[in-house]
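[1] sequence first, then the predicted structure:
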Amino acid sequence: MKKIALVVLASVFSCNTSQKTVSETPAKTKEISPITYAQTITQDELKGHLYTYASDEFEGRETGQPGQKKAVEYLKKQYEALGIPAAKKDGDYFQNVPLQVANVPTGNATFNGTAFQIGEDLVTFSSAKGTYNEIVYLGYGIEDGDYSDYNGIDVEGKLVLIKSGEPKNADGTYTLSKTNEKSAWSNMSEGVGKKNKIALDKGAAGVLYFDAQNFSRFKGYFNYMKKNQSGKMTLKDEASDDFMILLNKTAVGTIKSDIENDDTPKVVSTNIILDITSGNDEVSSENVAAILKGSEKPDEYIVISSHLDHIGISSDGQINNGADDDGSGSVALLEIAEAFKKAADAGEGPKRSIVFLHVTGEEKGLLGSKYYTDYEPILPLAQTVANLNIDMIGRIDPKRDGDRNYVYLIGSDKLSTELHELSEAVNEKYMNIELDYTYNDENDPNRFYYRSDHYNFAKNNIPIIFYFNGTHADYHRPGDTPDKINYDLLENRTRLVFYTAWEVANRENKVVVDKAAK
């Protein structure tokens, strides 16, 4: 673990406030210790909450389902019992997040006289209708810095064809990185979304996407949805007529047989008839938000977040309780709230306001946090100092070697060097947990930085820290139950988040953003 120089420690923890007497002699400011309040975060209380929150009664807390409604009511009652008010001005703890779920699409597509049934050689999750006599082939469909597959090409209102991957130089290195390292454009999870977004932002009517390696994954997801009669969930405000259709090698071969060897964008004459239909059903869901007002800087906010949802009941009737994902973060947030409230009741509350935000729809695509940041921030983002996000902190990653008393930190240095140094100094002063930055690596293929709710804050230039224990065999499975939680580790990690929030909330100046959002 990186050691912080004493001079940095002094800088991080200094109060920087003083008052002068009439004789100009500085008076010592009493330093308030958070230790007493951190000690109220206990294994027993975390366990008590979690055995309820991740019980069968809550039915896996799937977004919009009865179990999720029980979860938000439970959270609301806890904040009411603590005497911590709602963050919304109208006194409602619930922020309605308007969602919709697409019915599983049906229909077919005809490419140059060959008909393909959806769910076989092509997959989509939305309606797609129209007849096209030409398409725009964009090669890799990338626009990044000086490189663009869109140079001199207009895609407004047109159907485009894009393939997975990224360009290489003659020597085998990648064009974008100029090294042997692939970029995010080649990432199976991230690349398709990035390419689709650029095309649609430029006005494309729809995207045909060829990805031989990734196709089976999307087909499996489609078949799961079909079997469970559950389509893709999105924010209602993001409904549009555009679409993306994923193609396998058989389907794309009827449009452009040389696609694997041809990287050059061009207009291609073809005959495509799309006749795929789907409908949307509205879904009712909500974030839960409470606030403890700051004593000196009430209009500056630290948001501590976790997601309240999980994946619900499997097709075979088994309940996915989600004790670690993210029951652990949900109950940690309740205990942190209690600790801050006890400090406030003792007249030692935080200088800045603390927002306790439980978001819905994380498992459906970070939907609740996206709604909070992009559509209806309850508190102004411009005055939000930092986001500390907790997602899975109750278990041990079986792939990891080393001390069991660890936590993965992700994103602490992405936007603010100061927040990263504060985080390490806090840990060294109070907890001495091993801080593992394995998944903070830009080249980590898991791309966890982009996969939990903190990312919606980070993309808005708000410094973040993501606390995470890594995945395990019970991840997204019925085996993720409360009896498998390491409650001593859950206590330690929760206290670390509390101490970090305490320092961010009580320092004289808010943490400086010295790096650009990615």
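    Great, that's in hand.

[2] wait, what's in contact with the residue lying closest to Ser183 once chain neighbours are set aside?
    With sequence-adjacent residues excluded and distances taken as CB to CB, 6 or more residues apart in numbering, Ser183 is closest to Leu176, at 4.9 Å. Glycine gets a C-beta too; all of them are placed from N, C-alpha and C. Neighbouring residues of Leu176 by CB atoms under 8 Å, 6 or more residues apart in numbering: 142, 144-145, 147, 166-167, 183, 185.

[3] where's Leu176, which helix or strand?
    Under the criterion DSSP states H and E, no helix or strand holds Leu176.

[4] so for stretch 451-459, what gets flagged as buried?
    451-458 (16 or more other CB atoms under 10 Å).

[5] return it as CSV; C-alpha atoms alone will do.
    What follows is stretch 451-459, C-alpha atoms only, in CSV (Å, rounded to 0.1, in the frame of the first residue of the first chain):
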residue,chain,number,x,y,z
ARG,A,451,-20.2,-1.0,-14.7
SER,A,452,-21.6,0.5,-11.5
ASP,A,453,-23.5,3.6,-10.5
HIS,A,454,-20.5,5.8,-9.7
TYR,A,455,-19.8,6.0,-13.5
ASN,A,456,-22.9,8.3,-14.0
PHE,A,457,-21.4,10.7,-11.5
ALA,A,458,-17.8,10.4,-12.9
LYS,A,459,-18.9,11.2,-16.5
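
[6] contacts for that stretch next, please.
    With CB under 8 Å, 6+ apart as the criterion, stretch 451-459 contacts 189, 303, 305-307, 359, 362, 366, 368-370, 372-374, 381, 384, 387, 389, 391, 410-411, 414-415, 449, 464-466, 468, 517-518.

[7] of those residues, buried ones?
    Buried subset of those (neighbour count, 16+ other CB under 10 Å): 303, 305-307, 359, 362, 366, 368-370, 372-373, 381, 384, 387, 389, 391, 410-411, 414-415, 449, 464-466, 468.

[8] Ile311 is in contact with Glu62, isn't it?
    Yes: between Ile311 and Glu62 there is a contact under CB atoms under 8 Å: 6.1 Å.

[9] which residues are in contact with both of the two?
    The contact sets of Ile311 and Glu62 overlap at Glu363 (CB under 8 Å, 6+ apart).

[10] who has more neighbours out of the two?
    Glu62 (25 against 20; other CB atoms under 10 Å).

[11] can you tell me the closest non-neighbouring residue to that one?
    Gly312 (2.7 Å).

[12] quick one: that neighbour from Ile393, how far?
    Distance, Gly312 to Ile393, by CB to CB, to the nearest Å: 22 Å.

[13] so which of these two has more stuff around it?
    With neighbours defined as other CB under 10 Å, Gly312 and Ile393 compare such that Ile393 has more, 26 against 22.

[14] quick check: that one touching Leu409?
    No: using CB under 8 Å, Ile393 makes no contact with Leu409, being 11.1 Å away.

[15] joint contacts of the two?
    Listed as contacting both Ile393 and Leu409 by CB under 8 Å, 6+ apart are 467-468.

[16] sorry, back to before: looking at the contacts of Leu176, which are in strands?
    Among those, the ones falling in strands (DSSP state E) are 144, 147.

[17] save the contacts of Leu176 as JSON lines, and put in distance to His476 too.
    What follows is the contacts of Leu176, written out as JSON lines (distance: CB to CB, whole Å):
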{"residue": "Ile142", "distance to His476": "31"}
{"residue": "Asp144", "distance to His476": "32"}
{"residue": "Gly145", "distance to His476": "36"}
{"residue": "Tyr147", "distance to His476": "36"}
{"residue": "Glu166", "distance to His476": "29"}
{"residue": "Pro167", "distance to His476": "34"}
{"residue": "Ser183", "distance to His476": "27"}
{"residue": "Trp185", "distance to His476": "26"}
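
[18] which members of the contacts of Leu176 are classed as buried?
    142, 144, 166, 183, 185.

[19] isn't the second one up against Ser186?
    No: with contact defined as CB under 8 Å, Asp144 does not reach Ser186; the gap is 11.9 Å.

[20] what about Val267, neighbour count?
    Neighbour number of Val267 under other CB under 10 Å is 12.

[21] and the gap between it and Thr110?
    For Val267 relative to Thr110 (CB to CB), the value is 20 Å.

[22] again with Thr438
    Counting by CB to CB - Thr438 and Thr110 are separated by 48 Å.

[23] ok, now Lys459?
    39 Å.

[24] and the chain, what are its domains?
    Split into domains by automatic domain parsing, the chain comes to 6-21+50-97+290-506, 101-281.

[25] most tightly packed of those domains?
    Most buried of the domains of the chain, by mean neighbour count (mean count of other CB atoms under 10 Å): domain 6-21+50-97+290-506, with a mean of 20.

[26] so the closest residue to Ile485 other than its chain neighbours is in which element?
    With CB to CB, 6+ apart as the criterion, Ile485 has its nearest non-adjacent residue at 4.0 Å, and that residue is Gly394. Following DSSP H and E, one finds Gly394 outside all helices and strands.

[27] cool, the one 5 residues further on as well?
    In this assignment (DSSP H and E), Lys399 forms part of neither any helix nor any strand.

[28] and Ser330, by the same measure?
    Ser330 is part of helix 329-345 when elements are defined by DSSP H and E.

[29] Val303 is in contact with Ala501, correct?
    No: judged on CB under 8 Å, Ala501 makes no contact with Val303 at a distance of 9.6 Å.

[30] against Leu46, how distant is Leu489?
    In terms of CB to CB, Leu489 sits 10 Å off from Leu46.

[31] what does Glu338 give?
    Relative to Leu46, and taking CB to CB, Glu338 is found at 11 Å.

[32] Arg61 too?
    The value you get for Arg61 to Leu46, if CB to CB is used, is 17 Å.

[33] could you give the bridge partners of Phe116?
    Beta bridges link Phe116 to Ala109 when assigned by DSSP bridges.

[34] pull up the gap between it and Ala128, please.
    12 Å.

[35] hey, what's in contact with both of the two?
    Ala109.

[36] ok now do the closest residue to Arg495 other than its chain neighbours, which residues does it touch?
    The shortest distance from Arg495 to any non-neighbouring residue, by CB to CB, 6+ apart, is to Ala38 (4.8 Å). By CB under 8 Å, 6+ apart, Ala38 lies in contact with 339, 430, 495, 498-499.

[37] take the residues you listed and keep only those in helices.
    339, 495, 498-499 (DSSP state H).

[38] for the stretch 351-500 of the chain, which segments count as helices?
    Along the stretch 351-500 of the chain, counting by DSSP state H, counting those that start in this stretch, helices occupy 367-374, 417-426, 454-458, 487-506.

[39] do I have it right that Ile32 meets Glu348?
    Yes: look at Ile32 against Glu348 with CB under 8 Å: they come within range, at 4.7 Å.

[40] give me the common contacts of these two.
    With CB under 8 Å, 6+ apart as the test, Ile32 and Glu348 reach no residue in common.

[41] contacting residues for Phe340?
    37, 292, 349-350, 354, 498, 501-502.

[42] that'll do, ta.
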